[in-house]
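[1] Okay, sequence plus prediction incoming.
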Amino acid sequence: MTEVLNATTARPALANRNALGKVALVPTMGALHDGHLALIELAKRSADTVVVSIFVNPLQFGPDEDYERYPRPFDRDLALLEQAGVDYCLHPSVEEMYPNWPATTVIGAGEAGRILEGEFRPGHFDGVLTVVAKLFNIVRPDIAVFGEKDAQQLALIQRMVRELHFPLEILPHPIVREADGLARSSRNAYLEGDDRNQALALSRALRAAADAALDGVAASRTAAVNVYETAPLVTMDYLAFVDRATFLPVADDFRGDALALTAARVGSTRLIDNLAVTFA
Ligand SMILES: Nc1ncnc2c1ncn2[C@@H]1O[C@H](COP(=O)(O)OP(=O)(O)OP(=O)(O)O)[C@@H](O)[C@H]1O
Ligand SMILES: CC(C)(CO)[C@@H](O)C(=O)[O-]
Ligand code: BAL
């Protein structure tokens, strides 16, 4: 039985740490898919008690983004959590999380928070870090699981945990993909008709970049951009290579392990993806 909690009932329900043992939190925005379920399985293997939060966080959406349209199939999500054997679902309301709209926020400072997603979604990571810090304080988990699909988010959360001394461990989970390579995402539900097929441009562009990496950064970029040019319904927002340690873009003569990241719009749907790339 999955017990549904809000931000107020979570405190007493999660108070008895001896009874709960090791607690893992899996933060989500709901509309659960196999990617989320894989994170939940990792949480179950790593802890005694699993809490999954479902909260579509208004603070991380820009004014022209899909906050209103974002799918909220709560009954279906709860049934999936029950099936997965999740102990608690934290499902707070916006009023409870932001009674006065926040006066206190966590700022995703530093260049790594302003580039890529931070450039295309100004303020996005301030919203993410603020809500994640709140969720950590409400649940007080020993472990929190995040997906590598949102690689920049993961890197900034790891940094926040380190720099603000949150007493917990972040467990990353690799990207879960459809059979044809498309990274699973709640927003894939928006893709209709030809959009679904053309959305493969993201994973194929990253694959092409990785395959061309022996010839260096510029060759990889060209290979990826060439793939995008075969998909007329897709508009690339960025294709970048970052150093895995600093999350900052690599120079053209970079040698070693990097992460290729991309974001693109397929019609009105915005998707992201990433892949490890080694420049020899
Ligand atoms: N395909 C995936 N593989 C691994 N982790 C994933 C995948 N999709 C989502 N996650 C992770 O699940 C957590 C919750 O993400 P979220 O609820 O935003 O789902 P999403 O599918 O990424 O949705 P969206 O379409 O809004 O980006 C995040 O840590 C995210 O990285
Ligand atoms: C971490 C998160 C749940 C914060 O709202 C969200 O950004 C997400 O689903 O990746
Ligand atoms: N998966 C990251 C949440 C967002 O796109 O706002």
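    Thanks, I have the structure now. Ligands and ions are numbered 1, 2, ... in the order given.
[2] quick one: contacts for whichever residue of the stretch 151-280 of the chain sits closest to ligand 2?
    Closest to ligand 2 within the stretch 151-280 of the chain is residue 153: 5.7 Å, counting by CB to the nearest ligand atom. The way it works is simple: take the backbone N, C-alpha and C, and place the C-beta from them, glycine included. With contact set as CB atoms under 8 Å, 6 or more residues apart in numbering, residue 153 has these partners: 117, 125, 128, 146.
[3] Give me the three-state assignment for the second one.
    Reducing the assignment to helix, strand or coil with DSSP: H, G, I helix; E, B strand; the rest coil, the entry for residue 125 is helix.
[4] pLDDT wise, what is the nearest residue to it once chain neighbours are set aside at?
    Closest residue in space to residue 125, ignoring its immediate chain neighbours: residue 108 at 3.3 Å, by CB to CB, 6 or more residues apart in numbering. Among the per-residue scores, residue 108 shows a pLDDT of 82.
[5] Residue 246 too?
    89.
[6] tell me the contacts of it?
    Taking CB under 8 Å, 6+ apart, we find residue 246 in contact with residue 112.
[7] Also residue 22?
    Residue 22 neighbours (CB under 8 Å, 6+ apart): 46-49, 142-143.
[8] got the residues of the stretch 101-250 of the chain near ligand 2?
    128, 131-132, 150, 153 (CB under 6 Å from any ligand atom).
[9] and those, which of them are in strands?
    Among these, no member falls in strands (DSSP state E).
[10] Taking those residues together, which two end up most distant?
    131 and 150 (13.3 Å; CB to CB).
[11] Neighbour count for these two, which is higher?
    residue 131 (24 against 17; other CB atoms under 10 Å).
[12] Could you double-check that that one sits in contact with residue 58?
    No: assessed by CB atoms under 8 Å, residue 131 is found out of contact with residue 58, at 9.3 Å.
[13] which SS class is residue 180?
    coil.
[14] That one: neighbour count?
    Neighbourhood size, residue 180 [other CB under 10 Å]: 11.
[15] Please apply the same query to residue 61.
    With other CB under 10 Å as criterion, residue 61 counts 18.
[16] Check it and give its pLDDT.
    97.
[17] Identify the residues contacting residue 222.
    By CB under 8 Å, 6+ apart, the residues touching residue 222 are residue 212.
[18] mind checking the SS state of it?
    From three-state DSSP, the assignment for residue 222 is helix.
[19] Can you give me the separation between it and ligand 1?
    Noted for residue 222: a distance of 27 Å to ligand 1, by CB to the nearest ligand atom, to the nearest Å.
[20] Excluding covalently adjacent residues, which one is nearest to whichever residue of the stretch 101-250 of the chain sits closest to ligand 3?
    In the stretch 101-250 of the chain, the residue that lies nearest ligand 3 is residue 150 (4.7 Å; CB to the nearest ligand atom). Counting by CB to CB, 6+ apart, the nearest residue to residue 150 once its immediate chain neighbours are dropped is residue 272, at 7.1 Å.
[21] Am I right that that neighbour is in a strand?
    Yes: using three-state DSSP, the assignment for residue 272 is a strand.
[22] can you pull the pLDDT of the residue of the stretch 101-250 of the chain closest to ligand 3?
    For residue 150, pLDDT reads 98.
[23] swap in residue 125?
    96.
[24] Let me know the secondary structure of residue 278.
    Applying three-state DSSP: residue 278 is strand.
[25] What is the neighbour count of it?
    Using other CB under 10 Å, residue 278 has 11 other residues around it.
[26] Surely it touches residue 260?
    No: counting by CB under 8 Å, residue 278 stays clear of residue 260, with 10.4 Å between them.
[27] Find residues that contact each of the two.
    residue 210.
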